[in-house]
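Student: Return atomic coordinates for the entry below.
(chains A and B)
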Amino acid sequence: AQSVAQPEDQVNVAEGNPLTVKCTYSVSGNPYLFWYVQYPNRGLQFLLKYITGDNLVKGSYGFEAEFNKSQTSFHLKKPSALVSDSALYFCAAPTSRGTDKLIFGTGTRLQVFP
Amino acid sequence: ETGVTQSPTHLIKTRGQQVTLRCSSQSGHNTVSWYQQALGQGPQFIFQYYREEENGRGNFPPRFSGLQFPNYSSELNVNALELDDSALYLCASSLSGRPTGELFFGEGSRLTVL
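Tutor: Residues are numbered from 1 along each chain as shown, chains lettered A, B, ... in the order given. Alright, predicted model coming up:
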């Protein structure tokens, strides 16, 4: 069965510092992987996706993610965090290849301090 | 471009009652998915509708049912409510035929079961 795991419930970082939010995956075949963000009292917003190709994927709001097949990881990164980046971040993968039915991780709360 | 809208935003029910949640998909999107997000958890896939037919279902009992209408809007119905049904219910729309994992979410309906 496909699964994604987010090992950290919360990540704290100072504004201006680089941030990393971790995700590991267990999927069959070549993985499709996604990151979504949820701001307080809002629905989820798509950030970026890895389908194939370059291991470094660029997305919205200056975020990027690094796909690492040997470590089965897909960590979300940003070179310089903003206070407005504070939100809940979810890693996701399709329940089966080629579908839009997603399985999400448990989420990581990012707190960026001024 | 009209985004995904859900109603009601909040509601309170008692155990054993029934509830109907509504969703209008993003303009041009023909596929609607429903997710349940319990407090502190990631969204869990309930089911997906395409062309008014159920197109996949997660691990939810039959008392969770849905409809999709010709205009692609959708309803989620839950019968015989249980306390554990308290959650944020998220609707997401997408365009079938191009499964990219990029879902467009509404802001959700927060259900409290007492």
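
Student: got the contact list for residue 89?
Tutor: Since no chain was named, I'll use chain A. Applying C-beta atoms under 8 Å, 6 or more residues apart in numbering or on different chains to A:Tyr89 gives the contacts A:6, A:21, A:35-38, A:47, A:76, A:107-110. All C-beta atoms are positioned from the backbone trio N, CA, C, and that covers glycine.

Student: meant chain B actually
Tutor: B:6, B:21, B:34-37, B:76, B:108-111.

Student: Mind doing that once more with 10 Å?
Tutor: Under the criterion of C-beta atoms under 10 Å, 6 or more residues apart in numbering or on different chains, the neighbours of B:Tyr89 are B:6, B:11, B:19, B:21, B:23, B:34-37, B:43, B:46, B:64, B:76, B:78, B:106, B:108-111.

Student: which stretch of helix or strand covers it?
Tutor: Assigned by DSSP states H and E, B:Tyr89 belongs to strand B:87-94.

Student: For stretch B:10-23, give the mean pLDDT please.
Tutor: Throughout stretch B:10-23, pLDDT has a mean value of 98.

Student: Could you check stretch A:81-95 and say which residues are buried?
Tutor: A:81, A:85-95 (16 or more other C-beta atoms under 10 Å in any protein chain shown).

Student: With stretch B:8-16 instead?
Tutor: So stretch B:8-16, judged by 16+ other C-beta under 10 Å, has buried residues B:Lys13.

Student: Check stretch A:52-66 too.
Tutor: Buried, per 16+ other C-beta under 10 Å, within stretch A:52-66: A:57, A:59, A:63-66.

Student: of the residues you listed, closest to chain B?
Tutor: Chain B has its nearest neighbour among those in A:Gly59, at 10.7 Å by C-beta to the nearest C-beta.
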